[in-house]
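J.: Need the 3D shape of this:
(6 chains)
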6 protein chains.
Amino acid sequence: MFFHTKELQYNAKPSNPDPVYAKKLQEILGGQFGEMTVMMQYLFQGWNCRGDEKYKDMIMDIGTEEIAHVEMIATMIAQLLDGAPVREQEEAAKDPAIGAVLGGMNPQHAIVSGLGATPTDSVGYPWNSRYTIASGNLLADFRANLNAESQGRLQVVRLYESTTDPGVRDMLSFLIARDTMHQNQWMAAIEELEQNQKAIVPSTFPQTLEKQEVSYSFMNFSNGEESSKGRWASGKSMDGISNFEYVANPKAMGQIPKLKPSPAYIHGSVMPGQVPPGIDKANFDQANQGNELH
Amino acid sequence: MFFHTKELQYNAKPSNPDPVYAKKLQEILGGQFGEMTVMMQYLFQGWNCRGDEKYKDMIMDIGTEEIAHVEMIATMIAQLLDGAPVREQEEAAKDPAIGAVLGGMNPQHAIVSGLGATPTDSVGYPWNSRYTIASGNLLADFRANLNAESQGRLQVVRLYESTTDPGVRDMLSFLIARDTMHQNQWMAAIEELEQNQKAIVPSTFPQTLEKQEVSYSFMNFSNGEESSKGRWASGKSMDGISNFEYVANPKAMGQIPKLKPSPAYIHGSVMPGQVPPGIDKANFDQANQGNELH
Amino acid sequence: MFFHTKELQYNAKPSNPDPVYAKKLQEILGGQFGEMTVMMQYLFQGWNCRGDEKYKDMIMDIGTEEIAHVEMIATMIAQLLDGAPVREQEEAAKDPAIGAVLGGMNPQHAIVSGLGATPTDSVGYPWNSRYTIASGNLLADFRANLNAESQGRLQVVRLYESTTDPGVRDMLSFLIARDTMHQNQWMAAIEELEQNQKAIVPSTFPQTLEKQEVSYSFMNFSNGEESSKGRWASGKSMDGISNFEYVANPKAMGQIPKLKPSPAYIHGSVMPGQVPPGIDKANFDQANQGNELH
Amino acid sequence: MFFHTKELQYNAKPSNPDPVYAKKLQEILGGQFGEMTVMMQYLFQGWNCRGDEKYKDMIMDIGTEEIAHVEMIATMIAQLLDGAPVREQEEAAKDPAIGAVLGGMNPQHAIVSGLGATPTDSVGYPWNSRYTIASGNLLADFRANLNAESQGRLQVVRLYESTTDPGVRDMLSFLIARDTMHQNQWMAAIEELEQNQKAIVPSTFPQTLEKQEVSYSFMNFSNGEESSKGRWASGKSMDGISNFEYVANPKAMGQIPKLKPSPAYIHGSVMPGQVPPGIDKANFDQANQGNELH
Amino acid sequence: MFFHTKELQYNAKPSNPDPVYAKKLQEILGGQFGEMTVMMQYLFQGWNCRGDEKYKDMIMDIGTEEIAHVEMIATMIAQLLDGAPVREQEEAAKDPAIGAVLGGMNPQHAIVSGLGATPTDSVGYPWNSRYTIASGNLLADFRANLNAESQGRLQVVRLYESTTDPGVRDMLSFLIARDTMHQNQWMAAIEELEQNQKAIVPSTFPQTLEKQEVSYSFMNFSNGEESSKGRWASGKSMDGISNFEYVANPKAMGQIPKLKPSPAYIHGSVMPGQVPPGIDKANFDQANQGNELH
Amino acid sequence: MFFHTKELQYNAKPSNPDPVYAKKLQEILGGQFGEMTVMMQYLFQGWNCRGDEKYKDMIMDIGTEEIAHVEMIATMIAQLLDGAPVREQEEAAKDPAIGAVLGGMNPQHAIVSGLGATPTDSVGYPWNSRYTIASGNLLADFRANLNAESQGRLQVVRLYESTTDPGVRDMLSFLIARDTMHQNQWMAAIEELEQNQKAIVPSTFPQTLEKQEVSYSFMNFSNGEESSKGRWASGKSMDGISNFEYVANPKAMGQIPKLKPSPAYIHGSVMPGQVPPGIDKANFDQANQGNELH
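T.: Reported below is the predicted structural model:
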């Protein structure tokens, strides 16, 4: 169960309205790696958590914090939209500055949400839950979380660079700092889990059942061998079990596939000179040649 | 530019048709973490790569390999669908075994694709490109890739466990092995990049500009302090810069937001007893009280 | 800012696992009118609220409660999935009861979420934010909310009828009761707003600017006049301003549209016998007739 | 069955082309609450109607009218796009007015539809049928319809305010008037149904089966008690059955959830110090420690 | 403007309810190539038509007919759902036949639509308008239409084969016949347009501006030369302008791409040993090495 | 299996950066008829091909080529984005030319992809696999392919017209030429298949089973008979089997539908004066009238 307190986690006060920037800021609210994504991802990971209570509690801590981040950004966007010049007036049309704002805004901020934030990204695409993952395997999911916080901090930094508004930058500096913490947090949790199990997810599948000949081979499918110079191409594998091998000319190990014709009731392709299997020849000729109906 | 060779990278031959399993196998073809995702994610990362050639080449190597994985699974699915009892016959309806197959199949495998694989997941949802990321920051993206290979291997293992068909298991054992390699590969590439820069993405944003008071604080937003026991709650931070701090009772640091009323032309809410700003009182009364029109 | 308390708002304990029912229950979690929808709809309405504080506070109260409902249903689903017979074994395949479960489950509950709830509906379609609305006009939005609670309660009742599990029914009886309250709540809020303004949204647009001849006319576009018997076809209009009128044979009042040909650079349709406007005749003939290139 | 007559229901003739406004106008054609939504929503409600013929006929009347509204707006948009300066010319690039148009247009209006209307909203997002509902319960659906007409009229009014083109305003004044009627119409139909049954949807579920302790309680989940001042917090409930109650400090009534570990074949999380249930210890150690493969 | 007449275009009466088949039949209602697609595709092509009136009228004729097809199938589905055993009873659970129905149904037919048709396909995925095209070029669009009618008839035939219900087959035999006509119709319209212009869309682009060396070359990118045996590999090209040429070993004609590093404010990748361009070295070292903050 | 060669199939070098054009160019990369669509459509058709090897090989040839086209356009877009003025500076804001670029760019090109191409269309909508079809019937699919190449070439031509950059035009002239070939190719393959079977897809369904009375009738559902003048309204049908017939006044041939009331557990509509079937009268009255609970 949840409780709400009216104060924001941190200030969200722009120095000036800026409807064009409001559109951009939507990316970290309702985008692929926006706050809605981490909020819903962490909450579902927490609710589905089938493990040690300290993990569940930790995930719920951060999931609950992320709701507050969604709140801060939504509040910021609503204020950036204050007084947006939506109403087209004769005079306004002649002012290039206003024209630029009119052109650069998300029209739904005026028409649909009435100068409110929307649960969408910077091109107006709605947030959807396929952005999130809760797999039931914590190590897998913590890697998803580290990725989300990495992409997220990168986007916030880019947005920080593209405004000079002190109030906006102040709020973003808070979010950037929290993302610093959250990247650290998931790295710590990953380290803890990796020390307890093999680094390869899932660690419980007997490796003897996999095709071990190719478990540590780097295959060179793009001409040129620049890729042989990386850490991934030679030396001890990261899981400590084997050594990387560089396969300069990878060979096909499989068959040339030949699919059977489909059964007659599928009405698949008719090949030149063939009558499809299961179709009576006379029937087929009738179907193909037909006869005048009228 | 690309070339295709007809042999599959590895065998994809089921021992028996199994249309119900074909539906499930779609998950690792066209699902959120299926082969289409890694294929498109790696190809776009490669095409957009603005860095050292060895990374670009490496990404293109693996991206090109993934096209072959899509091909193997698609081929497998088509064969699992061979002879599916699509046609409902009087007799078939009475056989519970056939009934189970008819009920468990994806109907689009019969109606839409004519016993072919579809670029969708195990519930028939189409693949879409918001599953992928190419951010222009390799460290961020390699974390995305490690996550994708972790979720992917987990799903393949689960699918391995839910069939006993030797041919299917043989192909999956190959994919599991490649995912072992690919997790190792991304871990190696991540290690290499992290040694060259700070572990926090992006490493080029001056940390003095973030709100450093909260950069290493774990905040306890879910009651109970089980979360204080983890690696993330105390000790040196993972980036080596500071120490984790556990904030048992996090406090709000922001304002209680108060948004301004919207301008009149937005036609926002009318509050009890108020006339909306910018609306002429007489006009508003007319609008509210109206008069008989007929 | 938000805080989480570990106790659920109400018990969510099934008497028995039931993976097929778990799939159905997803509808009221991540469906069009599931709890995720009202949760996000109310939170965004609250964050964007530009009016009287009592409305904003009320909306945040209910929005915060809905997060708890999402939590309850997610928790219930995870338990309904306990011990689902995902692993296909030789023996299991022969048991029709297990077969039915295997066929009726959502495969993603096993492959993707590892027996956890997913933010999707009963056919596995992901939740998306176009299910929600926050328009900046409270009367409009409270009608959206009344609709959501009406559709929602209807769906919960249908799900109640399709299980006999006492634990599930207990939780649903709580949700049904809350939906009773929430329908009452929005009706109350609507009544309060309607008493302050005209019932037609938005009430601030001067009705003199609309085409008043058709503002109260019911138009009979489907043959037969059964529709003339309803309250909407005669008598005082609901806004108290005019009287309903029944138009038995509605007439077109507009033009027959004739669009101009598109400019040449659009490369629109070429009509028989015409050269498209703006294209040089010789050039067009050249384009149409071409000449041997090899 | 349907018949088409070439005259539009009302005039759709802009005074001047305006490609930027064409983009905005798409919102009420193919947006969440655009004319395509009410058209498809009403048609499906009519086709699925299992009740009194007068309702079915009424729904088909309005559903059929809405097709004509889609037609009018599509026609208007095509004309607003007439002569759009799609072709970039050296001179044009230097004219800021043309530049503004080029920047503010939806590029798909030029590239994809060749200056035609598209079945999308004002940010180019495609219309989809999850915008609609036909639940089989008329009272529920009429509330959905009242909401749709409320959101719809609000959006049309906002679009009216953001143009000064007399021809566009003339058409919009017709749509606004029809929305006035349609809001009135659904209010009338709702009143009629509510008089015949309880106002709570569905009215046929015995209220004794719901958790009646919480059926009329307003719960204060956001700190501060401003919400206690509303009509929803005290007095007779709107369904006339009970009285509203204000719960200032709502208490959790449910358990602290504890999920069981997942079965071994799910390959869920491995907790520090644990061997997952169902996994043989030796096997797990082998999996975790591995041995050199090469 | 449109009018509705209550009689269906053709009978839609199943001989027996069949909720599992109802789910499948949704494919041709709300699927990628279902009747909703052709209905909306033709209507938008008609409304956007900028050409000869006979084409516009013809398109509106068929578009209007397709609304009637949607109506027929929706009506059929509602009846196939009559009396579906949604309510799970102790006894029912034990009957494998009922169990099969419960498992094979679309759960939304019970929970969401209350035994009504839904605007979705056979896996419950909502119809969306990206299934349609109206390009402003009639020849292009008529090819889209011929494709839609080909895919559509194929799907209806497959559905015909998978039921034995005489009432359903009767309705489908009507739809199959209309698709016969509609394929003929679009072939006729295509022939007419191709006789007036070059067969290559768009015909108004001067072919001298294209890279003519490759305008008629078949390129062999998959090893093996089976593809050289087709009509497309040699002989006169279909547009009558040139001859097909078979390129057995296609060569790359382009550069090896080298992208510039991104500007500093993008915070792209940091390469080993490099300081990103535009970043001050000292600043970068500070950012990378940091210092203890606490 | 696939191999990648680093050279592009053709040059992709813009003469100048142009971030606004980069946004538009996305349409032919990740749009409905962009290169990703034909790439995935052809690959799946090839992998699912159950026919003559020459078709499979041909499809794989072109599918593999299309990957190279995706590569070229992605490379071009990344270069068009070079040095985009993302960082908003005080001075820049005052320059209308820079302002226009900032307004016309896709913000995700800066925030999300870091100046890289994205797998989306020109309005930022993600590519999804419902754009593609592989039906198992080659004639049907080749018509889909001809349509895709027609829409595709039309879009490329429109994009060619809207830039004057010689480097961009050079690359587009190559793509236009390849689309010329590909339209020719599919026309050739269609001709070959049509000569082997009836032109109506699928050709294997016995025409005696369709409702032959309406198999060749053009029905006039839009008033006015302009549509009678086309090739489709009279003369020999295109399949050579019958003659077209023009039905000036089409008649309904079906029933007026009357659906049964839904069962009680669906909680459908309650009609005025009725007690819903299956509901006990006393129970219903109780439910409707209720009694005071407090």
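J.: where does the stretch 1-150 of chain A dip in pLDDT?
T.: A:86-100, A:102 (pLDDT under 70).
J.: Mind jotting down where the strands sit in it?
T.: A:2-4 (DSSP state E, counting those that start in this stretch).
J.: what distance separates stretch A:244-264 from the centre of its chain?
T.: In terms of C-alpha atoms, centre = their mean, to the nearest Å, the centre of stretch A:244-264 is set 31 Å apart from its chain centre.
J.: Next to chain F in this structure, residues from the stretch 1-150 of chain A, please.
T.: A:20, A:23-24, A:27, A:31-32, A:96, A:100, A:103-104, A:121-125 (C-beta under 8 Å from any C-beta of the partner chain). Any C-beta I mention is one placed from the backbone N, CA and C, and that applies to glycine too.
J.: when you check chain C, which of those residues turn up near it?
T.: Within those, nothing lies near chain C by C-beta under 8 Å from any C-beta.
J.: how near is whatever residue of the stretch 101-250 of chain A ends up closest to chain D to F:Gly103?
T.: For the stretch 101-250 of chain A, the residue closest to chain D is A:Gly124, as judged by C-beta to the nearest C-beta, at 3.2 Å. Computed as C-beta to C-beta, to the nearest Å, the A:Gly124 to F:Gly103 distance reads 15 Å.
J.: Check A:Asp61 too.
T.: Counting by C-beta to C-beta, the gap from A:Asp61 to F:Gly103 is 41 Å.
J.: repeat for A:Glu194
T.: Distance from A:Glu194 to F:Gly103, by C-beta to C-beta: 47 Å.
J.: So between those two, which is more surrounded?
T.: F:Gly103 (23 against 17; other C-beta atoms under 10 Å in any protein chain shown).
J.: which ones are touching that one?
T.: Listed by C-beta atoms under 8 Å, 6 or more residues apart in numbering or on different chains, the contact partners of F:Gly103 are A:Val20, A:Ala100, A:Gly103, A:Gly104, D:Gly103, D:Gly104.
J.: isn't the fourth one right up against A:Val20?
T.: When you say that, I think you mean A:Gly104. Yes: in terms of C-beta atoms under 8 Å, A:Gly104 counts as a neighbour of A:Val20; the distance is 3.8 Å.
J.: So between those two, which is more surrounded?
T.: Under the criterion of other C-beta under 10 Å, the comparison of A:Gly104 against A:Val20 puts A:Gly104 first, with 24 against 21.
J.: To what extent is whatever residue of the stretch 1-150 of chain A ends up closest to chain E buried, counted in neighbours?
T.: Going by C-beta to the nearest C-beta, chain E is nearest to A:Ser150 of the stretch 1-150 of chain A, at 11.3 Å. A:Ser150 has 28 neighbours, counted by other C-beta under 10 Å.
J.: Equivalent analysis for A:His69, please.
T.: 27.
J.: what does A:Ser234 give?
T.: 14.
J.: Next one: A:Tyr55 from F:Trp127, what distance?
T.: 36 Å.
J.: Sorry, wrong one. I was asking about A:Lys23.
T.: Counting by C-beta to C-beta - A:Lys23 and F:Trp127 are separated by 22 Å.
J.: what does A:Ala134 give?
T.: 26 Å.
J.: Ok, A:Cys49 next?
T.: Distance from A:Cys49 to F:Trp127, by C-beta to C-beta: 34 Å.
J.: Also A:Ala264?
T.: Counting by C-beta to C-beta, the gap from A:Ala264 to F:Trp127 is 35 Å.
J.: I figured the residue of the stretch 1-150 of chain A closest to chain E hits B:Arg143, correct?
T.: Yes: using C-beta under 8 Å, A:Ser150 is in contact with B:Arg143, at 5.2 Å.
J.: Which neighbours do the two have in common?
T.: B:Val201.
J.: Out of A:Ala264 and F:Trp127, name the residue with the larger neighbour count.
T.: Between A:Ala264 and F:Trp127, counting by other C-beta under 10 Å, F:Trp127 is the more crowded of the two (28 against 17).
J.: what's near enough to touch the more buried one?
T.: B:Asn128, B:Ser129, F:Gly30, F:Gly31, F:Gly34, F:Met36, F:Thr37, F:Pro119, F:Thr120, F:Asp121.
J.: and if we set it to 6 Å?
T.: B:Ser129, F:Gly30, F:Met36, F:Pro119 (C-beta atoms under 6 Å, 6 or more residues apart in numbering or on different chains).
J.: count of neighbours near the third one?
T.: Burial of F:Met36 is recorded as 29 neighbouring residues (other C-beta under 10 Å).
J.: In the stretch 51-200 of chain A, what residue spans correspond to helices?
T.: Applying DSSP state H, counting those that start in this stretch to the stretch 51-200 of chain A gives helices spanning A:53-80, A:90-94, A:96-104, A:107-111, A:138-161, A:166-196.
J.: So for E:Phe221, which of those sits nearest?
T.: helix A:138-161 (34.2 Å; C-beta to C-beta).
J.: Spatially nearest residue to A:Pro14 (excluding sequence neighbours)?
T.: In this structure, A:Pro14 finds its nearest non-sequential neighbour in A:Gly167, 4.5 Å apart by C-beta to C-beta, 6 or more residues apart in numbering or on different chains.
J.: State the distance from the closest residue to A:Ser15 other than its chain neighbours to chain C.
T.: In this structure, A:Ser15 finds its nearest non-sequential neighbour in A:Gly167, 4.2 Å apart by C-beta to C-beta, 6+ apart. As for A:Gly167, its distance to chain C is 17 Å (criterion: C-beta to the nearest C-beta, to the nearest Å).
J.: Quickly note the distance from A:Gly167 to chain B.
T.: 11 Å.
J.: burial count for A:Ser269?
T.: 28.
J.: ah, wrong one, I meant A:Gln212
T.: A:Gln212 has 17 nearby residues by other C-beta under 10 Å.
J.: Looking at it now. What's its pLDDT?
T.: Looking at A:Gln212, its pLDDT stands at 97.
J.: same check, this time on A:Ala282
T.: So, for A:Ala282, pLDDT stands at 57.
J.: Fine, thanks again, bye for now.
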